[in-house]
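Q: whatever this is, show me its structure:
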Amino acid sequence: MSDVAWAEGRWTTEPEDVRVTDAGISVTAKEGSDAWRETSYGFIHDTEHALLRPIEDGQAIEVAFRIDLPEQFDQAGVFLKADDQNWIKAGIEHSDGEESLGAVVTRGQSDWSLAPVPEWAGRVATVRASWSAGAVTIRARVDDEPWRLVRVAPLSAGAGLEAGPFCCAPSRPGLTVEFLSWRVTDADADLHPSDAGSDDAT
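A: Numbering: from 1, shown residues only. As a prediction, the model looks like this:
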C-alpha cells in the first residue's frame, strides 16, 4: 500500500476552499454540489468535488475521513469515474436525520442504496474500492472495526478509470470535510475474505 499525494489528483469541480494540513486535506464544498443522473428526481447533477487520478485494473483505493456531516445530504467518500454517464460514489451520507453507509452506481441513470450507521458519527471512516475484471467491490469500516461489504457493481472503463476522494453538499453552504489519507494498493483477491477484520480485506 502506498500513499497518494493530494497534488496528484485533479478536481472534477473545484471546491469552495482547499487547505492541505498536517493531518491531511480540508475541503469546503460549494452549496448545491452533487452527483446524480435522472432517477426519481429527474435532474442531472455533475458538480461533485472529486479529486481523481487514474487507477489500473487490479488496484484498489482507500480514502479515510472524519465523519462530520451534520446536515441533510452532506456526503463524503470515494468516487470512481469512467465517463460522465458511468461512475460510482460510495461513503457516508447524512440522510433523514442520521448517518448512512451507501453507494450510488450510475450507468446512464443512478441508483442508490443506504444502510443506517448513526453510531459512526464523529469517528473516522475508511472506504475501500477495488476494481478488478470489470467490477468494483466497495468495503468500508469505522476506526479499526471489521470491514463491511457495501456494494459489488459492474463498471467497465474502456478509456480508463479515475478514482479518489469526494464530497458534496447538495442542500447548504459551509460543509468542510477533513480527509486524512488517500492510498492505493492491490485489489481485494476475494469477494468473501476469510478474515473479515483483516487490514487488507483480502
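
Q: how far does stretch 5-24 sit from its chain's centre?
A: In terms of CA atoms, centre = their mean, to the nearest Å, the centre of stretch 5-24 is set 15 Å apart from its chain centre.

Q: list of residues touching that stretch?
A: When contacts are taken as CB atoms under 8 Å, 6 or more residues apart in numbering, the neighbours of stretch 5-24 outside the stretch itself are 25-30, 33, 46-53, 79, 81, 164-167, 173, 176, 178-182. Any C-beta I mention is one placed from the backbone N, CA and C, and that applies to glycine too.

Q: now swap in stretch 92-102 and tell me
A: Applying CB under 8 Å, 6+ apart, the external contacts of stretch 92-102 come out as 67, 69-77, 90-91, 112-118, 120-121, 125, 127, 140, 148, 150-151.

Q: 6 Å - rerun?
A: Here stretch 92-102 makes contact (CB atoms under 6 Å, 6 or more residues apart in numbering) with 67, 69, 74-75, 113-118, 120-121, 125, 140.

Q: follow-up on the earlier one: the contacts of stretch 5-24 in helices, which ones?
A: For the contacts of stretch 5-24, not one is inside helices, with DSSP state H as the criterion.

Q: among these, which are in strands?
A: Using DSSP state E, the members of these that fall in strands are 25-28, 46, 49-53, 79, 81, 164-167, 176, 178-182.

Q: contacts only, for residue 175.
A: Residues in contact with residue 175, defined by CB under 6 Å, 6+ apart, are 29, 74, 169.

Q: let's see the pLDDT reported for the closest residue to the first one other than its chain neighbours.
A: Put plainly, it is residue 29. Ranked by CB to CB, 6 or more residues apart in numbering and with sequence neighbours excluded, the top spatial neighbour of residue 29 is residue 169, at 3.9 Å. At residue 169 the predicted local confidence, pLDDT, stands at 98.
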